[in-house]
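> okay, sequence plus prediction incoming.
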Amino acid sequence: MTIAVSTTPGRPAASGWVRRLPEYLTIWVPLLLSAAHLIAFTLWTIWISFTPSTLVPVSGWVGLRNYSAVAASRNWQIALDNLLLFGSAFVLLSLATGLILAILLDQRIRGENLLRSIFLYPLAVSFVVTGTVWSWLLNPGLGIQKLVRDLGWTSFRFDWLIDRDMAIWTIVIAAIWQSSGFAMALFLAGLRSVDADLIKAAQIDGAGPIRMYRRVILPTLWPITITVIVIQLQFAISTFDLVRALTNGGPGIATQLPALVVYDLMFQRSLLGRGAAAAVLMLLILLAVLLPYAAWRYVQRRRAIHA
Amino acid sequence: MRERTIAPSRILIYLVVSLIAAAWLAPLVVVGLNSLRTNEEIAQASMIGWPKQWAWSNYAAAWSGFCVAETCAGIRPYMLNSALVTIPATIFSTLLGAVAGYAVSLWRFRGDNWIYGIVTLGLFLPQQMRLLPWTIVLRDTGLMNTLTGLVVIHTIQGLSFTVLFCRNYYTAIPQDLIRAARIDGAGFFRIFWRIILPLSPPILVVTVIWQFTHIWNEFLYGVTFTTGQQQPVTAALIALSAAVADIPQHGVQSAAVMIAALPTLLIYLIGGKYFVRGLTAGAVK
């Protein structure tokens, strides 16, 4: 990739590029480093995914063999099933939670700032920390189940963390707690930017609060909703830290997710080629979400220009 | 005299909001309380409870006495590692991002939009795509298992965010200001130093808070590229909980978790407004 630098207009050409070398260096070195590493590293990983690399990267060509091996593995299949369930449940529930919180906070209530801070603070804390904390709370021998049983309800059961079928839901719970504040923040900004005249007009027409939200306010939130969905999906696809700290993929491989499979293949089983193939598959899943979004943004922007 | 009546619907709203807020605070409160309970007390009762005797010693043990993988120095060395990675990487990525953001937004050059577009791809590409290349690069440059290696990674990767933040902010500065300064003979650096930087504090605060939080909380690179004594605190915490799985030490562990979370929690408490601004700036790109 070569991009020519045009000489800056308005300056005498005689000053020469040597004198302006420091300037070029400061502009180009960080930008090119960043751009080049993104492009080159992506291509590099794609290339490795087609090689027979195991412990160290080697050249060679095995076609799609790494991909078929990954796709056929039980680990990956479970990871994909989990991603589908986790992704949809997490996105829908965090969207709903975020929207409800935003609407509640929009009611001119006291202490709004404090409440907003409370709902957003999990975002500031590491997933490793929050995952650890949730693993304690959800641990049947230590957390909520133990507490309720000690209070006298001895048959109470809340052991999702060690239940193969339910464990993935513990990740959903922790992820919602962690990130619905983000949806709330965006929705709240959207609610606050609804045209005041529109609301007044609806009020004059005698619309009650519920009708007002359903007919006037919520429809304006669509663009924000789509943005939130895409960002949350993107988060769901690359979720790693939270699962690592909460269940470490277990019990067994019940809460496996693609990001964990990639790590496992690359650094625990030293199957670099397969790990790279799994990473590329992750990228493809991500693109399936991002490309339609980019297209939608493009159309929106065009419409905004022509409007 | 004004009569004050509160509609039942208002009461319901407050009730629901308070309940959710309590649920949201619960994990922090539980860990906070546990960090002050003795290990025995937690083992007998549950993780959820009020301290019978305040075990402040948990903090001392977590800070400097606790054993992680045969080294009994608490989480202090790992906190130091995290600081030694996070602080320089935050400063470098912010400064470079400011210069680069200024260059792409105000010092237009051919291909600037392309470069900018590629750089912001970094916001979306999954980390997993870059794990192997970074491993190879770090190994070949001798930076594997060093804090310097992590600083380099976070600086370069951080540019995606910092360039985005700064560029979006600088595009609001009128081009005429730059043009006028150029006619007066000011060059790239002089304009940056005299005009751009003095206008920048609002966005630099957002960028610094965002980068600090991001880098401090990062785990995947930390656990992949460093081992043992070189690990940042996020990676050490995982090693720690794995190491003590047999002998529960939840009091001390809770204290360790609190200490590890403290820097970003403090930053959030002090600069919450700016944190949210970074959050939304990254979102509505």
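Structure received.
> how are the helices of the chain distributed by residue range?
In the absence of a named chain, this looks at chain A. Taking DSSP state H as the test, the helices found in chain A are A:16-19, A:21-48, A:65-72, A:74-105, A:112-124, A:127-138, A:144-150, A:167-192, A:196-204, A:209-211, A:222-237, A:241-246, A:258-263, A:272-306.
> I was thinking of chain B, sorry if that wasn't clear
Under DSSP H, chain B gives helices at B:8-34, B:39-44, B:57-60, B:76-106, B:112-121, B:131-140, B:147-170, B:175-183, B:188-191, B:197-199, B:201-217, B:220-225, B:233-243, B:250-283.
> save those as TSV, and put in mean pLDDT too.
Output for the helices of chain B, formatted as TSV (pLDDT from 0 to 100):
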stretch	mean pLDDT
helix B:8-34	93
helix B:39-44	84
helix B:57-60	92
helix B:76-106	95
helix B:112-121	89
helix B:131-140	95
helix B:147-170	95
helix B:175-183	89
helix B:188-191	88
helix B:197-199	93
helix B:201-217	95
helix B:220-225	95
helix B:233-243	84
helix B:250-283	90
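> in TSV, list these along with distance to residue A:301 and mean neighbour count.
In short, each C-beta sits where N, CA and C put it, glycine included. What follows is these, written out as TSV (distance: least, Cβ to Cβ, whole Å; neighbours: other Cβ atoms under 10 Å in any protein chain shown):
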stretch	distance to residue A:301	mean neighbour count
helix B:8-34	36	15
helix B:39-44	55	17
helix B:57-60	52	18
helix B:76-106	18	22
helix B:112-121	14	18
helix B:131-140	33	19
helix B:147-170	15	23
helix B:175-183	21	14
helix B:188-191	30	16
helix B:197-199	27	12
helix B:201-217	23	22
helix B:220-225	33	22
helix B:233-243	38	22
helix B:250-283	16	21
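> export those helices to TSV and tack on distance to chain A?
Formatted as TSV, these follow (distance: least, Cβ to the nearest Cβ, whole Å):
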stretch	distance to chain A
helix B:8-34	5
helix B:39-44	8
helix B:57-60	15
helix B:76-106	4
helix B:112-121	4
helix B:131-140	4
helix B:147-170	4
helix B:175-183	5
helix B:188-191	4
helix B:197-199	13
helix B:201-217	4
helix B:220-225	6
helix B:233-243	4
helix B:250-283	4
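> how about the residue nearest the centre of chain B: what's its closest non-neighbour residue?
Centroid check for chain B by Cα atoms, centre = their mean gives residue B:213 as the closest residue, at 1.3 Å. Nearest non-adjacent residue to residue B:213, counting by Cβ to Cβ, 6 or more residues apart in numbering or on different chains: residue B:264, 4.9 Å away.
> for residue 230, give me its contacts.
Using chain A here. By Cβ atoms under 8 Å, 6 or more residues apart in numbering or on different chains, the residues touching residue A:230 are A:289, A:290, A:293.
> wait, chain B was what I had in mind.
B:81, B:145, B:146, B:147.
> same deal with residue A:134?
Taking Cβ under 8 Å, 6+ apart, one finds A:170, A:173, A:174, A:177, A:246, B:27 in contact with residue A:134.
> do the same with residue B:113
Applying Cβ under 8 Å, 6+ apart, the residues near residue B:113 are residue B:104.
> on that earlier part again, take the contacts of residue A:134 and lay them out in a markdown table including distance to residue A:92.
Putting those into a markdown table (distance: Cβ to Cβ, whole Å) gives the following:
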| residue | distance to residue A:92 |
| --- | --- |
| A:170 | 17 |
| A:173 | 14 |
| A:174 | 16 |
| A:177 | 15 |
| A:246 | 20 |
| B:27 | 22 |
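> from these, which single one is nearest residue A:260?
Using Cβ to Cβ, residue A:246 comes nearest to residue A:260 of the contacts of residue A:134, at 11.4 Å.
> for the residue in the stretch 51-200 of chain B that chain A sits nearest to, give me phi and psi.
Here the residue of the stretch 51-200 of chain B nearest chain A is residue B:111; by Cβ to the nearest Cβ that distance is 3.5 Å. Torsion angles at residue B:111 (phi, psi; degrees, to the nearest 10) stand at phi 90, psi 10.
> quick check, central residue of chain A?
residue A:235 (1.1 Å).
> that one is in contact with residue A:179, isn't it?
Yes - with contact defined as Cβ atoms under 8 Å, residue A:235 counts as touching residue A:179 (6.6 Å).
> what's the neighbour count on residue 109?
In the absence of a named chain, chain A is used. 13 (other Cβ atoms under 10 Å in any protein chain shown).
> actually it's chain B I care about, not the one you picked
17.
> now residue B:196
23.
> which positions in the stretch 201-307 of chain A make contact with chain B?
Applying Cβ under 8 Å from any Cβ of the partner chain, one finds that the stretch 201-307 of chain A approaches chain B through A:227-228, A:231, A:234, A:237-238, A:240-241, A:244-245, A:259, A:262-263, A:266-267, A:272, A:275-276, A:278-280, A:282-283, A:286, A:290.
> now these: which count as buried?
By neighbour count, with 16 or more other Cβ atoms under 10 Å in any protein chain shown, these hold A:227-228, A:231, A:234, A:237-238, A:240-241, A:244-245, A:259, A:262-263, A:266-267, A:272, A:275-276, A:278-280, A:282-283, A:286, A:290 as buried.
> okay, and the helix or strand of chain A with the least pLDDT?
Least confident helix or strand, chain A: helix A:16-19 with a mean of 74, by mean pLDDT, DSSP states H and E.
> how about that one, does it reach chain B?
No - contact between helix A:16-19 and chain B is absent, the nearest approach being 9.3 Å (criterion: Cβ under 8 Å from any Cβ).
> which other helices and strands contact that helix?
Helix A:16-19 sits against no helix or strand, with contacts defined as 3 or more Cβ pairs under 8 Å, 6 or more residues apart in numbering or on different chains; DSSP states H and E.
> test my guess that residue A:247 contacts residue A:257.
No - if you go by Cβ under 8 Å, residue A:247 and residue A:257 don't touch, sitting 10.0 Å apart.
> just send the helices of chain B back as JSON lines, with distance to residue A:24 too.
Shown next, in JSON lines, are these (distance: least, Cβ to Cβ, whole Å):
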{"stretch": "helix B:8-34", "distance to residue A:24": "49"}
{"stretch": "helix B:39-44", "distance to residue A:24": "60"}
{"stretch": "helix B:57-60", "distance to residue A:24": "52"}
{"stretch": "helix B:76-106", "distance to residue A:24": "10"}
{"stretch": "helix B:112-121", "distance to residue A:24": "13"}
{"stretch": "helix B:131-140", "distance to residue A:24": "24"}
{"stretch": "helix B:147-170", "distance to residue A:24": "17"}
{"stretch": "helix B:175-183", "distance to residue A:24": "16"}
{"stretch": "helix B:188-191", "distance to residue A:24": "9"}
{"stretch": "helix B:197-199", "distance to residue A:24": "20"}
{"stretch": "helix B:201-217", "distance to residue A:24": "24"}
{"stretch": "helix B:220-225", "distance to residue A:24": "30"}
{"stretch": "helix B:233-243", "distance to residue A:24": "38"}
{"stretch": "helix B:250-283", "distance to residue A:24": "28"}
